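Enquirer: Okay, sequence plus prediction incoming.
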Amino acid sequence: MGEHLSQERQAWAALVATARRTVTDGLVVGTSGNVSVRLGDTVLVTPSGVPYDRLTPDDITGVDLTGRQVLGTLAPTSELPLHLAVYGHTDARAIVHTHAVHATAVSTLVTELPTIHYMAGALGGPVRVAPYATYGTEELAGNALRALADRTGCLLQNHGTLTHGTTLDQAYDRTAQLEWMCHLWLTASSVPGRTPTLLTRAQVAEAGDRLRGYGQQA
C-alpha cells in the first residue's frame, strides 16, 4: 500500500512540474490548459481553477476511469471528459492540453496543419483540427478522438492543442513540437507573394518511420 502511495506521490510531483513548465514555456496563461497521467485505473489530473505554482503535494487529485474522484478534495479539471475519452480509446499514459498561441491561431485557419515540417511524422502524420465544441463537453471529447485517430496529437478549433504519450515528458515534447510547427507555418505563410513548400504525405510518413528509431539504442 505504501509503495503504491509513493508511486502516486511521485507521479503527482512530475505532473505538477509538467503543468508549471507549460506556463514557463508560454503554452498556457493562468489556469488554462491541463495535464494528466494514468497509473493503472487511476488518472491523476490538474484541478480546476488552481494556479500551478500554488499546487502542493497535498493537492493530489485523482479519478477512476469513470470520472469518480478517488484522490483528493479539489475538483478535477473541467476538461476531464476529454482526458477520460483519450485514455479510454488509446494507449495514452499521459496527456497535455494547452492553449498555445500559434497552434490555436492555426486551428482557426485550416482543418489540418499543412505539412510544413517532417516532425509531423512524430505525431503519426498530418495533424488534424477537431471541430469546435464547448469546453468540458462530451461533444468536444468525441471531436478530439476522431481527430486523434492514428495520431498522438491534434488541434482543437478555436481552443488549443491536445497531445498524448507513454510518459509526461513525451506528451509535453509532442505539444512543444506541435506549437513549433504551427509557429513555423504561420511565419512562412506571412511572407507576401510567397507560398511555403510543403512535404508530401509519403515524405512525412517516411520521416515518421525513421523517427521511431531515432536516438540512442540500447
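Expert: Looks like it arrived, so ask away.
Enquirer: Tell me the secondary structure at the residue sitting furthest away from the middle of the chain.
Expert: For the chain, the largest distance from the centre (CA atoms, centre = their mean) belongs to G193, which lies 33.9 Å off. Secondary structure, DSSP: H, G, I helix; E, B strand; the rest coil: G193 is coil.
Enquirer: any idea how far it lies from P81?
Expert: Going from G193 to P81 by CB to CB, to the nearest Å gives 45 Å. No exception for glycine: its C-beta is placed from N, CA and C like everyone else's.
Enquirer: And the strands in the protein?
Expert: Using DSSP state E, the strands of the chain run over 34-39, 42-45, 62-64, 69-71, 94-98, 129-130, 153-156, 160-165.
Enquirer: Highest average neighbour count across these: which stretch is it?
Expert: Burial of those is given as mean neighbour count (mean count of other CB atoms under 10 Å); strand 94-98 ranks first at a mean of 29.
Enquirer: Excluding chain neighbours, what is closest to H164?
Expert: In this structure, H164 finds its nearest non-sequential neighbour in A92, 3.6 Å apart by CB to CB, 6 or more residues apart in numbering.
Enquirer: so what's that neighbour up against?
Expert: By CB atoms under 8 Å, 6 or more residues apart in numbering, A92 lies in contact with 38, 86, 152, 164-166, 171.
Enquirer: any idea how far the residue positioned nearest the centre of the chain is from G67?
Expert: For the chain, the residue nearest the mean C-alpha position is T163 (2.7 Å; CA atoms, centre = their mean). Distance of T163 to G67, given as CB to CB: 21 Å.
Enquirer: now swap in A85 and tell me
Expert: Taken as CB to CB, the span from A85 to G67 is 10 Å.
Enquirer: Tell me which of these two has more neighbours.
Expert: Of the pair A85 and G67, A85 is the one with more neighbours under other CB atoms under 10 Å, namely 18 against 13.
Enquirer: Tell me the predicted confidence for that one.
Expert: Per-residue pLDDT puts A85 at 98.
Enquirer: Spell out the residue ranges of the helices in this protein.
Expert: Ranges of helices within the chain are 2-24, 80-89, 101-107, 138-147, 168-189, 201-211, based on DSSP state H.
Enquirer: Switch those helices over to a markdown table, and while doing so, append distance to A120 to every line.
Expert: Below are the helices of the chain laid out as a markdown table (distance: least, CB to CB, whole Å):
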| stretch | distance to A120 |
| --- | --- |
| helix 2-24 | 21 |
| helix 80-89 | 19 |
| helix 101-107 | 12 |
| helix 138-147 | 14 |
| helix 168-189 | 7 |
| helix 201-211 | 5 |
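Enquirer: Which one of those helices lies nearest to D53?
Expert: When these are compared by CB to CB, helix 2-24 sits nearest D53, at 6.4 Å.
Enquirer: Low-confidence ranges, the protein, go.
Expert: Applying pLDDT under 70 to the chain flags residues 1-5, 213-218.
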